[in-house]
Structure formats: structure tokens, C-alpha cells
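Visitor: next one to model:
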Amino acid sequence: MDFSWSEEQERLYASVVRFAEEQLDPDPVRRDAAGEFDADVWRRCADFGVLGWFVPEEHGGAGYDVLTVAYLMEGLGRGCGDNGLTFALGTQIWGIQPLLLNFGTEEQVVRYVGPSMKGELIGALGMTEEQSGSDAFALAATASQEGDEYVLRGEKTLITFGPIADMVIVFAVTDPSAGRWGVSAFLVDSDAPGFVAHPADEMTGLRTVPFGRITLDDCRVPAANLLGDEGAGASIFNFSQRWERAFVLAPQVGAMQRVLDACVAFARERERGGIPIGKRQAVSHRISDMRLRLELARLLLYKTAWLRQTGRSDLMEVALTKTYLSEAFVESSLDAIAVHGGKGYATATGIERNLRDALGATIYSGTVDIQRNIVAALLGL
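Guide: Okay, the predicted model is just below:
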């Protein structure tokens, strides 16, 4: 087995880390406290090409393969201390763009993918409702066709970018008698009649990307805005989740490296009784565990990427990757706080923010409990 990267991949990775360190970390402590999304930083990412990494060349993107994009997303997470930003970028790369490219008409691809790559359009996935969540297809939102339009009614909650998205891929029931096969997907522009975006919710972590509710109050969209076929919503959503669950946490692998580096440096410099604290087993063992989690996270992430790239089955690996990467970042963030002591608990240092950001990954894109259910089912339990 070959675990090496090509010279070109390593060059790209180094350039991404450098870009992230130099341009993507403007005062994250303040913006986290304020719950502030930085549109200028988003545009810098677009100008650097981040939002076109996974878009094929024929549509104006870089056309990088899955392994390369996952590696570059790791680089973003390593160089950028704003976990909300790197997560938000991943939602576009893995959650929005693949749906448009694989299910959209030529006109829909032109209308949305190009502006997305340029940072001119932010998309959102409108699936979760107050009574659904892990029971993803227990939807109350409906869509009925009236002439050459669909009328959408309902409310979506906990939507990443919901308060500011330019377009939302909304999943709604078009045939109640068909169960999940009666769900359809629609491209709903934020200026559509009856579309209401509510103010951002206060969240524990990932506070630099807005989450919130949208209401569809007799929201009218052209029939041409149907994504895929009517009744294909379940297949479209499952397709999206296979990409998001597998790779949206790639920046967290980079963040785990960043946090580990900070802990090693601190443990070498900080002394107690004239001895660096890193010489104390209570500290060194925590840091050793952080390194172990990092290596296991990388192996799972890139095995899954390799399986996806080579067309092999990866259902088990996707669930394992989502579960392990979610929980590993939580554990390593706890260890980082313990290593730094009081400084780790203070918001000014930014150490504790990683823990708050990490907790969200155990919930979004399918909770870790749902992932364990998937693993158990694949094992025949």
C-alpha cells in the first residue's frame, strides 16, 4: 500500500496551509463571540479557488479528485483557526455542488455552480424540520403543483446558512401516499415570493457560520426549479449525505494537527518546578493520545476517499469515518484544554473554542448514534 502524496499534491497542500494561516484567521475570537460571518474571508477563499476544487474542469473548476480535495481541506483546517469557516466551505463543496452537478439540468448548473465557485452565491440544504431530524423523511413541508409553478408550505430548522443563503435546496412532500418516495427537491431562491429567512440562532459552537430557520409561506417557485425528478428527493438527499458524512470533517483532521502542534509547543515551554510540563506523564500521555487519534482519523478519512475514488463500496467506512472523526476531535479538544490548564479554559486563547466547535460534528449530517446504527445494520445486527 502506498501512503505517499505526489509532489504536486504536497505543493498544493503547503500552499493551502500558507494561504489559510495568512488570510483566513482575522480575529476569530471576536467573531466567535459576536456570531459574525465574514463575507470578505469567504470571497478570499473563492478567489483562491477553494470553491472550485471539486467542480469538473468542463464547468470551470479545478477538477481535483476526491483524495486531493480531502487533503486540501485538511490543509485548510490546519492553517485556519476558524472551524466554522472551514465547515461552511465543506457544506458547499460536498453538500451543495455535487447535488447540482449530478441532478441539475444544464441550465441549473450554469445558473448556480458558476456563482457558487466565485463566492457570489451561497447554497443551503433545507431538510431538517422540528419533528424530523434523525427521522429524516418524516417531513411536514409540502409542495403542490399549480400550473407551471410549485407552491411550497412548511418550515425548516437548523439550516446551515439559512439566514443568509441565496438559494436553498428544499425537500418537500409531493405525494404523501408514497412515503419517502413521495419527497421531491426544489431549488428555491431567497427572493422567491413566500420565502422567509429568520435571524440566526445562537449556537454553542461554529458561531462564525449562521444557522437558522426558513419559512415557506405559500412560496412559489417555477416548475423548472424541480431538482431531478418528482419523487427523487430521498435519493438526492442520500447522495448528499454520502458525500457530507464522508468528507465534511476533513478540516477537523487538520484542526486536530493544529491543536496537537500547539499543545506540543506549550508543553515544551511551560515549566513547573523547573521542568517542562511535557516531561510529566499526566501531560505527555494526553498528547500521545492526541497523536494516536490524529493518525487513526487520517487513515479512516483517506481510506474512505480512496474507496470513493476507485468506485468501491464505502457505506461502512463512511459511517465509521463520521463517527470517529466527530468524537476524536471532541476528545482531543478536551485534552488540549487540560494541557493548557486555565489558559485552555479562557476564551481569549481560542483553545476552548475547538471543543465547542467539535461538539456540533457529533450531531450534524447524521448523529454518531445514527452512524452506529448503520454500522450495526451492515454487520447484520
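
Visitor: from here on, just use CA atoms for contacts and neighbour counts.
Guide: Will do.

Visitor: who touches Val368 in this structure?
Guide: By Cα atoms under 8 Å, 6 or more residues apart in numbering, Val368 lies in contact with 322-323, 326, 362.

Visitor: how about low-confidence regions in the stretch 1-150 of the chain?
Guide: Within the stretch 1-150 of the chain, the ranges that satisfy pLDDT under 70 run 133-134.

Visitor: at which residues are the strands of it located?
Guide: Taking DSSP state E, counting those that start in this stretch as the test, the strands found in the stretch 1-150 of the chain are 123-126, 142-146, 149-160.

Visitor: okay, these, which one's buried deepest?
Guide: When neighbours are counted by mean count of other Cα atoms under 10 Å, the highest per-stretch mean among the strands of the stretch 1-150 of the chain falls to strand 123-126, a mean of 26.

Visitor: list the strands paired with that one, with their directions.
Guide: Counting by DSSP bridges, the strands paired with strand 123-126 are strand 167-173 (parallel).

Visitor: orientation of the next helix or strand after the strand it pairs with relative to strand 167-173 in degrees?
Guide: Counting by DSSP states H and E, the element after strand 167-173 in chain order, helix or strand, is strand 183-189. Counting by axes from the mean of the first three to the mean of the last three Cα atoms, to 10 degrees, strand 183-189 points 150 degrees away from the direction of strand 167-173.

Visitor: hmm, who's touching strand 183-189?
Guide: If you take Cα under 8 Å, 6+ apart as the criterion, strand 183-189 is touched by 137, 166-175, 221, 225-234, 236.

Visitor: the strands of the stretch 1-150 of the chain: which one's closest to Arg298?
Guide: Distance to Arg298, taken as Cα to Cα, is lowest for strand 149-160 among the strands of the stretch 1-150 of the chain, at 25.6 Å.

Visitor: select the longest helix from the protein.
Guide: Ranked by number of residues, the top helix in the chain under DSSP state H is helix 281-309.

Visitor: what mean pLDDT does that helix have?
Guide: In this model, helix 281-309 carries a mean pLDDT of 97.

Visitor: equivalent analysis for stretch 250-263, please.
Guide: Stretch 250-263 comes out at a mean pLDDT of 97.

Visitor: which positions in that stretch come out as buried?
Guide: Buried residues in stretch 250-263, defined by neighbour count with 16 or more other Cα atoms under 10 Å: 250-260, 263.

Visitor: TSV for the residues you listed, including distance to Asp369 and secondary structure?
Guide: Shown next, in TSV, are the buried residues of stretch 250-263 (distance: Cα to Cα, whole Å; DSSP: H, G, I helix; E, B strand; the rest coil):
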residue	distance to Asp369	secondary structure
Ala250	20	helix
Pro251	22	helix
Gln252	19	helix
Val253	21	helix
Gly254	24	helix
Ala255	23	helix
Met256	22	helix
Gln257	26	helix
Arg258	27	helix
Val259	26	helix
Leu260	27	helix
Cys263	30	helix
